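Participant: here is the input, now give the coordinates:
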Amino acid sequence: MRGDYQQLVDEISAALGAPATLEDRDFGLIAFGAHEGDDDEVMDPVRTRSILQRRSTAAVRAWFEAFGIARARTALRIPPDPAAGVFRGRICLPVRHRGIVHGYVWLLDDGHLTDLELGGRGTPPDPRIAQAMETAARIGALLADEASAGSELGDLLRELLATGPGARGAAETALRDALRDTLRFSPGSPLTMVAVLPWDTTGADAAPLPSLPGLLAACTLPADHGARGTAEGPGTAADPDRTGPTPPARPHRASPALAALVRLRSPGSLAAAHTVAEQLLRSPRVGAAPAAARPQGGAAGRIPPPRPGAAGIGTGTTELTDLSGSWQQALDAARAARAEPRLGPVAQWDTIGAYRLLTALPATGPDAVAEPLLAPAHLELARTAEVFLDCAGQAGRTAQALGIHRQTLYYRLGRVEKLTGLDLAEGSDRLLLHMALKAARL
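Facilitator: All right, here's what the predicted structure looks like:
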């Protein structure tokens, strides 16, 4: 399939005598035509970034989308925008199939395409543009077929992950058969699950998921799917968007997460899963934290600002029967990476330490011993206590990490003891407070 895209992009490049690039509707690189000639200036920063990093920046996407490329049915001319790194003008060929845009072909204009008639408003396009649009339509049909196959696989994956243990046999058989027929998947191939959260599902039906090497199937599920139970009942969980100990909040439905099935080289080698996770995190569908959850600025003692999104990776397996467990591990790792910046943005389940236990606990709200520290007026004390416990109670390391004097640290710890009634010289009290603060992050 990738070779078909490359051949069609090369046809467009040859017809118009300009470097062409094919991207999906999320601006992920699919194929690019050769840049021939000695003019290095043709390779402007946007095309270079797209090829090397396989994705455009948010500023570039915003500039292009402002010209209505998602609604266009004919070729569009996009002027340069040096502020966004777009030093060369472009012609955009929307890649559509049955009314749905699946991607874009970009043609760099070094000046020789300036007078090319694009068509529209009763004016016929230049024959070369007409030919290029016909080729873009063929690309659209291929992308639509790929999206349809991917959607079917995603539905089967969702059924497997959402089905109870007693009814998974049929779901496993259906997914195994579909993978074999669609992707020539061999039973016994090593696999793992990747979780990305939060994942924006707005317009998901019209927007195919990214096509990445090793990504076999993907679907969206609630981020609390498979959780071990909550005090508030189904569909509620602690706020997944906060990255520090926070005041008690009204329970709400967890943000959707993307569940991605990834093929590995071997069960113990997760490099392919890391690559897929990193690429997925660059998608514009990775949701940002709501404004209310963003603490102010990075001063010492403040809670670190939340990351836009995080990904988790489960353990590798050769059995589809183990995918539900791998998915739960991946989701737990993603929650941990989201809560604890030092773990992310991509975390493996076997590297998240105490969060392997904490994510298995029901979401019952903050422990009573930590609740006084989670009041807005005492968040600085909560951060101080957490860093102190992270540093194994070593005052010198803690003061250095917080950028404060030791006497200031001792004063704050004294206030922590008064608020909580705990004795931080006692190991059991330290353990209780440490786990209560870490659980509050989740």
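Participant: measure stretch 162-169 end to end?
Facilitator: 13 Å (C-alpha to C-alpha, to the nearest Å).
Participant: hmm, who's touching it?
Facilitator: 160, 171, 221, 225, 321, 324 (C-beta atoms under 8 Å, 6 or more residues apart in numbering). C-beta here means a position set from N, CA and C on the backbone, and glycine is covered the same way.
Participant: most surrounded residue in those residues?
Facilitator: Of all the contacts of stretch 162-169, residue 160 has the most neighbours under the rule other C-beta atoms under 10 Å, reaching 26 neighbours.
Participant: so which strand or helix has that residue?
Facilitator: Assigned by DSSP states H and E, residue 160 belongs to helix 127-162.
Participant: buried ones in that helix?
Facilitator: 129, 132-133, 135-136, 139-140, 142-144, 146-147, 149-151, 153-154, 156-162 (16 or more other C-beta atoms under 10 Å).
Participant: got it, and stretch 391-398?
Facilitator: 391, 398.
Participant: what does the average pLDDT come to for it?
Facilitator: Averaging pLDDT along stretch 391-398 gives 95.
Participant: residues in contact with residue 271?
Facilitator: Counted by C-beta under 8 Å, 6+ apart, residue 271 has contacts residue 265.
Participant: picking that back up, looking at the contacts of stretch 162-169, which are in helices?
Facilitator: Among the contacts of stretch 162-169, the residues falling in helices (DSSP state H) are 160, 171, 324.
Participant: surely residue 103 is in a strand?
Facilitator: Yes. Secondary structure of residue 103 (DSSP: H, G, I helix; E, B strand; the rest coil): part of a strand.
Participant: hang on, residue 107 packs against residue 16?
Facilitator: Yes. Using C-beta atoms under 8 Å, residue 107 is in contact with residue 16, at 5.8 Å.
Participant: joint contacts of those two?
Facilitator: With C-beta under 8 Å, 6+ apart as the test, residue 107 and residue 16 both reach 91, 113, 132.
Participant: ok, back up a step: what's the closest of the ones in helices among the contacts of stretch 162-169 to residue 76?
Facilitator: Residue 76 lies nearest to residue 160 out of these, by C-beta to C-beta, at 41.8 Å.
Participant: which residues touch the closest residue to that closest one other than its chain neighbours?
Facilitator: Excluding its sequence neighbours, the residue lying closest to residue 160 (C-beta to C-beta, 6 or more residues apart in numbering) is residue 171, at 4.1 Å. Neighbouring residues of residue 171 by C-beta under 8 Å, 6+ apart: 156, 159-160, 163.
Participant: residue 361 reaches residue 440, doesn't it?
Facilitator: No. Checked against C-beta under 8 Å, the pair residue 361 and residue 440 is beyond contact range at 11.8 Å.
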